[in-house]
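[1] Curious how this folds, go ahead:
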Amino acid sequence: MPRPGVLSHGGGFWAVAFAFLVAIGFGTVTTPLWELYQAKDGFSTFMITVVFAVYAVGVVAALFFVGHLSDYLGRRRVVLAGLLIEIVSAVIFIASPALPVILVARIVSGVGVGMISATLTAYVAELNGVARPGAGRTRSDVVGAAANMGGFAIGAMVSGVLAQWVAAPLRTPFVVFLVLMILGAIGVALSPETVRWEGPRPAYRPQRVSLPPAAKPAFWAAAGAAFVVFAVNGLFNSVAPGFVAGTMGHPSRALAGLVAFIVFGAAALLQIVMLRVSLRRLLITGLTLLIVGLVLVTVAVWVPNLTLFLIGGFAAGGGGGLLFKGAVTTVVSIAVPAKRGEALAGLFLAAYCGLIVPVLGMGIASQYVDPRGALVVFTAVLCLVCLVASPKLVRNQR
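    Residues are numbered from 1 along each chain as shown. I've put the predicted structure just below:
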């Protein structure tokens, strides 16, 4: 049997969900700070996308090499190791706001998130299954997906408020999240383990996804959807604060945090509002809102109009939250329990690739063309991916 913890499975569910929330939130602490870093060191918009992308590189590397190991090493052990790495990253951020140090801290943070993102999703689902046998996956699906998007929202908002009104804006937000992550790690340490591997451990191999052949089209469609959702996340976590401060003339750090909070808060909110909606309707609504929101954001940058930008951000964020929840639910439903962590790691691998390629491509393009033009291309490419993935993702869903 899996090893017990001090907390019950029900208590462990909420303790692990809290750790999930703050660990993901830590990744967006820098979102409202980019303009401050830029003013301090004078680097370009392209460099912002580079510093942002190295985080995703760390995530992808960790997902590929260790993201699936919790299927036999245990969820708790891998999550604690990932949280420890996140804590080390926070200490590095606090040590110095210099660009080389930020690059190292972002990579280290990405490695920690890569270790725990898929593992925590599986962990939350399994704790819920033991705590509420026969109740279905609805609660764990919503809490797991909302912890992702809600974490993005809370990290940016807390950081923006602290940066606007508290001393040492490039250090204080990291101190706050350092404390929160230590509390999260304590909660995880007290939670019961849900995995115990029977027999000898398999030989190590990097990430792969083992699925029945009939399930692979649905997995790749879900992976494409996750790629798009996280590309949109990357937009609002990296260059969007620059559009708000520069193109629209609103340099407030609290406002930069609020923009991200609206986008990712909408994702968490719509997941809760549409809790009992069928998966098919969830996916169709998410795809529609995401595309409409991206178009509105692009138009708002050209006008420019902050209100339209916020409306578009709410729609894109809400649609992305629904689409990501649908993608996670799809993968959990088609993966066998013994390979669930592996399948989810594959989904998150595709998702975090979305944080690298489109955003970095937009940063490179902005070196040669108007950033607004680069945004048009960014939006067009993501809408095309949505349209290609949607038939396979929605097909056969109820």
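
[2] Counting neighbours, which bits of the host helix or strand of Leu387 end up buried?
    Using DSSP states H and E, Leu387 sits within helix 371-394. Neighbour counts over helix 371-394 (16 or more other C-beta atoms under 10 Å) mark 371, 374-376, 378-379, 381-383, 385-386, 389-390, 392-394 as buried. Where C-beta positions appear, they are placed from N, C-alpha and C, glycine not excepted.

[3] Also stretch 296-306?
    Using 16+ other C-beta under 10 Å as the burial criterion, the residues of stretch 296-306 that qualify are 296-301, 304, 306.

[4] tell me the two of those residues that are most distant?
    Thr298 and Leu306 (14.2 Å; C-beta to C-beta).

[5] quick one: the helices in the stretch 51-200 of the chain?
    Secondary structure of the stretch 51-200 of the chain by DSSP state H, counting those that start in this stretch: the helices cover 70-73, 75-95, 99-131, 138-165, 172-189.

[6] Any chance of CSV for those helices, columns mean pLDDT, mean neighbour count and distance to Val259?
    Putting the helices of the stretch 51-200 of the chain into CSV (pLDDT from 0 to 100; neighbours: other C-beta atoms under 10 Å; distance: least, C-beta to C-beta, whole Å) gives the following:
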stretch, mean pLDDT, mean neighbour count, distance to Val259
helix 70-73, 82, 22, 34
helix 75-95, 96, 21, 22
helix 99-131, 90, 24, 21
helix 138-165, 86, 24, 8
helix 172-189, 97, 20, 16
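
[7] With Gly320 as the reference, name the closest of the ones you listed.
    Nearest of those to Gly320, taken as C-beta to C-beta: helix 138-165 at 7.6 Å.

[8] how far does the closest one sit from the chain's center?
    Taking C-alpha atoms, centre = their mean, to the nearest Å, one finds the center of helix 138-165 at 10 Å from the center of the full chain.

[9] still on that earlier bit, Pro200: which of the helices of the stretch 51-200 of the chain is closest?
    Among the helices of the stretch 51-200 of the chain, helix 70-73 sits nearest to Pro200 (C-beta to C-beta), with 9.7 Å.

[10] where's that closest one relative to the chain centroid, distance-wise?
    The chain centroid and the centroid of helix 70-73 are separated by 22 Å under C-alpha atoms, centre = their mean.

[11] cool, stretch 194-205 as well?
    For stretch 194-205, the distance to the chain centre is 28 Å (C-alpha atoms, centre = their mean).

[12] Endpoint to endpoint, that stretch covers what distance?
    22 Å (C-alpha to C-alpha, to the nearest Å).

[13] For that stretch, the averaged confidence score.
    Across stretch 194-205, pLDDT averages out at 75.

[14] neighbouring contacts of stretch 245-255?
    Around stretch 245-255, the neighbours that count as contacts under C-beta atoms under 8 Å, 6 or more residues apart in numbering are 32-33, 35-36, 160-161, 163-165, 169, 244, 256, 301, 304-306, 309, 371-372.

[15] Could you pull out the buried residues of that stretch?
    245, 247-248, 252-255.

[16] out of those residues, what pair is the most spread apart?
    Across the buried residues of stretch 245-255, the longest distance by C-beta to C-beta is 18.4 Å; it joins Thr247 and Ala254.

[17] With adjacent residues omitted, what lies nearest to the residue nearest the centre of the chain?
    Centrality entry for the chain: nearest residue to the mean C-alpha point is Asn148, 5.1 Å, by C-alpha atoms, centre = their mean. Nearest residue to Asn148, sequence neighbours excluded (C-beta to C-beta, 6 or more residues apart in numbering): Ile24, at 5.6 Å.
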